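Enquirer: sequence? don't have it. structure:
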């Protein structure tokens, strides 16, 4: 069975490394982007089954990434989990309205994050013909 691919979008190399190790330990392939521009181009190139997205990115923020993903028919159906250190009271509902499927405050509980990843990947597999 093919491993699911997760695109990790975060400008913090230590966080990317930690997320990578935890995802690979759970049998997921990972690819990376460190800014909004490379996030969208990497999604187009790699066709991940899920995106872990930070809001605080250089140049453009994660909201710009969500907007670009949602406006692209080939990328808009990819589930997105936002991982952010920004104030959740100001950003959680905005992220969900912009197209994110879930929002986790950094540092996220690894077990809860993994459960959300599994559930979203399972849902995206069951409706893969829609994308």
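Expert: Received, thanks. What you see is a predicted model; the values in this text were computed from it and never measured.
Enquirer: all strands for this structure, in order.
Expert: For the chain, strands defined by DSSP state E occupy the ranges 5-9, 29-33, 50-53, 80-84, 102-105.
Enquirer: need the ones you listed in TSV with distance to residue 91, can you?
Expert: To be clear about C-beta, it is placed using only N, CA and C from the backbone, and glycine gets the same treatment. Listed next are those as TSV, based on distance: least, CB to CB, whole Å:
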stretch	distance to residue 91
strand 5-9	15
strand 29-33	20
strand 50-53	12
strand 80-84	6
strand 102-105	8
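Enquirer: where does this structure have its least confident helix or strand?
Expert: One helix or strand of the chain scores below all others by mean pLDDT, DSSP states H and E: helix 13-25, with a mean of 76.
Enquirer: please identify the buried residues of that helix?
Expert: 15, 16, 19, 20, 23 (16 or more other CB atoms under 10 Å).
Enquirer: got a list of what the first one touches?
Expert: It refers to residue 15. 54, 106 (CB atoms under 8 Å, 6 or more residues apart in numbering).
Enquirer: cool, residue 56 as well?
Expert: Neighbour list for residue 56: 11, 62, 84, 85, 86 [criterion: CB under 8 Å, 6+ apart].
Enquirer: ok, now residue 67?
Expert: Contacts of residue 67 by CB under 8 Å, 6+ apart are 98, 99.
Enquirer: can you tell me how far it sits from residue 101?
Expert: Taking CB to CB, to the nearest Å as the measure, residue 67 falls 15 Å from residue 101.
Enquirer: ok, residue 69 next?
Expert: For residue 69 relative to residue 101 (CB to CB), the value is 11 Å.
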